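*Asks:* need the 3D shape of this:
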Amino acid sequence: GDSELADRLNIPVRRWGGNHTTRYNWKNDVSNRANDWYFMNVPDGDGDLTSTMVDEFVTANNSQGTKSIVTMPMIGWTPNQRLENDRDCAFPRDLYPNQQDFEAFWDCGNGRLPDGTPITGNDPTLTSIAIDEDWVKEWIAHLNTQFGNAANGGVDYYALDNEPMLWNSSHRDVYPNGLTYAELRDRSLTYAAAIKEADPTAQTLGPVLWGWTAYFYSAADVESGGEYWTNPPDRLANGDVPLAEWYLQQMAAYEQNNGTRLLDYFDLHFYPQQAGV
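*Replies:* So this is what the prediction gives:
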């Protein structure tokens, strides 16, 4: 909402999240819209890279006395460039002319054959470059420079990506395989540690799971197919403990063994599944 609405509601916390935040590049102000919109890189904001979309988000929140949650990507890929008059996409018509559907203007496909089968084996570097936790630390350093650290008026909260158990569907062009229990833990520990190193006064949220199924099973379990819940291979390999519970155990074990708390808030999403809701 605008500043007038924010004044009326007195919003305590506002989140910058959603599928596009998994692949947002703060250096060029571009996000990849993934399965939401033809796997396209889309420039955000007004083109003024001295103040990116996230910078403006935090500025607006600070002006209203609202704390910010900013999503930090853990997927390992980010959009590779800013094109004002063109759009990079994962499944362009010139490389994949036989697709189920194309975006009306940019000739970007939905990444599926006419029978709905997902196209596999695409090149992630058509849209993206590989990044790691150092890229995240660099971004937080930028935010600290712009706004101060969390203790001094900067970003208070960082989310550990957005719904990672959907990467193999939402972002299958760069992450085609279902995330496992161990991969979620390892990435969470690595990136949370990087966030705490960049700003020890900030707090983290995880695992930011998408919904009910992901509380109990990994994407790798779902990917095994059939009635996977009767014999979930990844869950069984991890003591048959539901994913959300196992995640908390792992984060607590790290804190106990290392004397450092990496997870501050337990963050789950829920979407009603009943028809008509």
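
*Asks:* for this structure, what's the longest helix?
*Replies:* What stands out as the longest helix in the chain, according to DSSP state H, is helix 181-198.

*Asks:* so where do the helices sit in the stretch 101-250 of the chain?
*Replies:* Along the stretch 101-250 of the chain, the segments classed as helices by DSSP state H, counting those that start in this stretch run 133-147, 167-170, 181-198, 212-216, 219-223, 233-236, 243-258.

*Asks:* list the buried residues for the longest helix of the chain?
*Replies:* 181, 183-185, 187-189, 191-196, 198 (16 or more other C-beta atoms under 10 Å). In this view, the C-beta of every residue, glycine as well, is placed from N, C-alpha and C.

*Asks:* could you list the low-pLDDT ranges of the stretch 51-200 of the chain?
*Replies:* 84-85 (pLDDT under 70).

*Asks:* the strands in it, which residues?
*Replies:* Secondary structure of the stretch 51-200 of the chain by DSSP state E, counting those that start in this stretch: the strands cover 67-72, 77-79, 128-130, 157-160.

*Asks:* the first one: how far from the chain's middle?
*Replies:* Spelled out, it's strand 67-72. 11 Å (C-alpha atoms, centre = their mean, to the nearest Å).

*Asks:* wait, Ile129 sits on Asn41?
*Replies:* No - contact criterion C-beta atoms under 8 Å: Ile129 and Asn41 do not qualify, at 11.2 Å.

*Asks:* give me the common contacts of these two.
*Replies:* Listed as contacting both Ile129 and Asn41 by C-beta atoms under 8 Å, 6 or more residues apart in numbering are Pro79, Asn80.

*Asks:* quick one: which of these two has more around it?
*Replies:* Neighbours per residue (other C-beta atoms under 10 Å) separate Ile129 from Asn41, with Asn41 holding more: 26 against 14.

*Asks:* backbone dihedrals for that one, both of them.
*Replies:* phi -80, psi 130 (degrees, to the nearest 10).

*Asks:* out of the helices of the stretch 101-250 of the chain, nearest to Gly206?
*Replies:* Minimum separation from Gly206 across the helices of the stretch 101-250 of the chain (C-beta to C-beta) falls at helix 181-198, 5.4 Å.

*Asks:* can you tell me which helices and strands the closest one packs against?
*Replies:* Contacts defined by 3 or more C-beta pairs under 8 Å, 6 or more residues apart in numbering; DSSP states H and E place helix 181-198 against helix 133-147, strand 157-160, strand 203-209, helix 243-258.

*Asks:* got these as CSV, with distance to Met74 and mean neighbour count columns?
*Replies:* Below are the helices and strands packed on helix 181-198 laid out as CSV (distance: least, C-beta to C-beta, whole Å; neighbours: other C-beta atoms under 10 Å):
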stretch, distance to Met74, mean neighbour count
helix 133-147, 8, 17
strand 157-160, 6, 24
strand 203-209, 9, 23
helix 243-258, 13, 16
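
*Asks:* one step back: between the longest helix of the chain and strand 203-209, how many degrees?
*Replies:* Relative orientation of helix 181-198 and strand 203-209, computed by axes from the mean of the first three to the mean of the last three C-alpha atoms, to 10 degrees: 160 degrees.

*Asks:* just the CA trace of helix 181-198, in CSV.
*Replies:* Taking C-alpha atoms only, helix 181-198 is exported to CSV below (Å, rounded to 0.1, in the frame of the first residue of the first chain):
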residue,chain,number,x,y,z
TYR,A,181,16.5,-32.7,4.0
ALA,A,182,20.3,-32.5,4.1
GLU,A,183,20.5,-29.9,1.3
LEU,A,184,18.0,-27.6,3.1
ARG,A,185,19.9,-27.9,6.3
ASP,A,186,23.3,-27.3,4.7
ARG,A,187,22.2,-24.3,2.7
SER,A,188,20.4,-22.9,5.7
LEU,A,189,23.4,-23.2,8.0
THR,A,190,25.8,-21.7,5.3
TYR,A,191,23.6,-18.8,4.4
ALA,A,192,22.4,-18.0,7.9
ALA,A,193,26.0,-17.9,9.1
ALA,A,194,26.9,-15.6,6.3
ILE,A,195,24.0,-13.3,7.2
LYS,A,196,25.1,-13.2,10.9
GLU,A,197,28.6,-12.5,9.8
ALA,A,198,27.5,-9.6,7.7
